[in-house]
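*Asks:* I'd like to go over a predicted model; first the sequence, then the structure.
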Amino acid sequence: MTEKPPEMEAKFPVFCQTANYLQSKANFFKNSLPKLFSSDYDFELAERICKTALKISSNDMNKYFKNVDGLIDLSMEFLMLQVKLEKTGKYLYSSFKEVEEQAYSNNENHQEGPNYMWGLYFSEVFWKVHHYFTNFFLRDFTNTNQIAGIVLEIPSGTGFFLCEFLRKNPAWYGIGIDLSDTAIEFSTKIFKANNISEKSYNMIKKDFLDYETIEKFDRIICGEFLEHVEDPIKILKKLRLLLKEEGKIFLTAAVWAANIDHIYLYKSAQEVRNHIHVAGLNIEKELVQSVFEKDVDNPEKEKIPVNYSAILSKTK
């Protein structure tokens, strides 16, 4: 993105400024971004995501770039922790109790703070695997052919995916569940910035396993949650229980990809598939992406960082 035609800067100004900023601040992005911006990259989506962030930042570019720094911090932390994973063959923690005591309660880690949320939000634009599974979600999951329905997102995280679903399906009702006050607050800002009516959604602070309802959902979004729990099959079985008979689930999972609060270490995409099938779910469509370019031709290989995403239904 170092050399851009004038028409691109005119058409996608906030995106271009953000890309330039990232490249000027971190070698990681100086090397990765030019490879990302290929012919199938969705520049219009990227510009819209960046404009939403600028709007939430009160149209103050200094404040905006400070929020972009969250992505740099998140990226550098991933690379550092990935090196440790390759050396030790395990994540830092193996239980939620450890994560809660060592990561969430440690002020230096910022895992529940807005900086972390901004990092996740901007990753939908500037991390290749996130950008392409976002396009997969928008293209293949949000087109429901159903005028109205109810959609659940667990965990809500930044609220980005639930927001995009409601933008595409304005007569639907959305529920987001998350344990983090920061996530719920961030999600609410995203909804407001995208003009999603407060009557169209409800945000709930709760542990998903403690969530009880007689409601069954037409659609469920579950993004990068399985690796954050000790028993992913238990989560998948509960998702199935909450799904209507003809409902669909959009699922993503991190495989052999380090983060300070990752607990369950998937070693391959096939291991995720095995869990899905054990839980009584069927894979309708999937996208398997390696994180690093050196592994791009072999994303099924064990013990390489991979993002797995799929659209699921109940096994008949």
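*Replies:* It's in. All values derive from a computational prediction rather than experimental measurement.

*Asks:* Please count neighbours and contacts with C-alpha atoms only from this point.
*Replies:* Noted.

*Asks:* by contact count, what packs against the biggest strand by length in the chain?
*Replies:* If you go by DSSP state E, the chain has its longest strand at strand 243-255. When contacts are defined as 3 or more CA pairs under 8 Å, 6 or more residues apart in numbering; DSSP states H and E, strand 243-255 packs onto strand 217-223, strand 306-314.

*Asks:* Using a markdown table, please lay out those strands together with mean neighbour count, mean pLDDT and distance to N135.
*Replies:* Formatted as a markdown table, the helices and strands packed on strand 243-255 follow (neighbours: other CA atoms under 10 Å; pLDDT from 0 to 100; distance: least, CA to CA, whole Å):
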| stretch | mean neighbour count | mean pLDDT | distance to N135 |
| --- | --- | --- | --- |
| strand 217-223 | 23 | 98 | 14 |
| strand 306-314 | 24 | 98 | 11 |
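
*Asks:* Please tabulate these in JSON lines, including the columns distance to N20.
*Replies:* Formatted as JSON lines, those follow (distance: least, CA to CA, whole Å):
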{"stretch": "strand 217-223", "distance to N20": "28"}
{"stretch": "strand 306-314", "distance to N20": "26"}
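
*Asks:* Those strands: which one's closest to S58?
*Replies:* Nearest to S58, of all these, is strand 217-223, at 28.1 Å by CA to CA.

*Asks:* what packs against the closest one?
*Replies:* Judged by 3+ CA pairs under 8 Å, 6+ apart, strand 217-223 is in contact with strand 150-153, strand 243-255.

*Asks:* Can you check what angle separates the longest strand of the chain from strand 306-314?
*Replies:* Our comparison of strand 243-255 with strand 306-314, counting by axes from the mean of the first three to the mean of the last three CA atoms, to 10 degrees, yields an angle of 170 degrees.

*Asks:* Please name the bridge partners of the residue most central in space within the chain.
*Replies:* In the chain, the centroid-proximal residue (CA atoms, centre = their mean) is G223; its distance is 5.4 Å. Counting by DSSP bridges, G223 is bridged to T252.

*Asks:* cool, L243 as well?
*Replies:* Counting by DSSP bridges, L243 forms beta bridges with F217.

*Asks:* how close does it sit to F250?
*Replies:* Computed as CA to CA, to the nearest Å, the L243 to F250 distance reads 12 Å.

*Asks:* Need the overlap of contacts for those two.
*Replies:* Listed as contacting both L243 and F250 by CA atoms under 8 Å, 6 or more residues apart in numbering are 219-220.

*Asks:* The lowest-mean-pLDDT helix or strand in the chain packs against which elements?
*Replies:* Every helix and strand in the chain was compared by mean pLDDT, DSSP states H and E; the lowest is helix 6-11, with a mean of 85. Using 3+ CA pairs under 8 Å, 6+ apart, no helix or strand is in contact with helix 6-11.

*Asks:* outside of that helix, which residues touch it?
*Replies:* If you take CA under 8 Å, 6+ apart as the criterion, helix 6-11 is touched by C16.

*Asks:* Show me which parts of the next helix or strand after that helix are buried, residue by residue.
*Replies:* Sequence-wise, the next helix or strand downstream of helix 6-11 (DSSP states H and E) is helix 13-25. For helix 13-25, the buried set under the neighbour-count rule, 16 or more other CA atoms under 10 Å, comprises 13-23.
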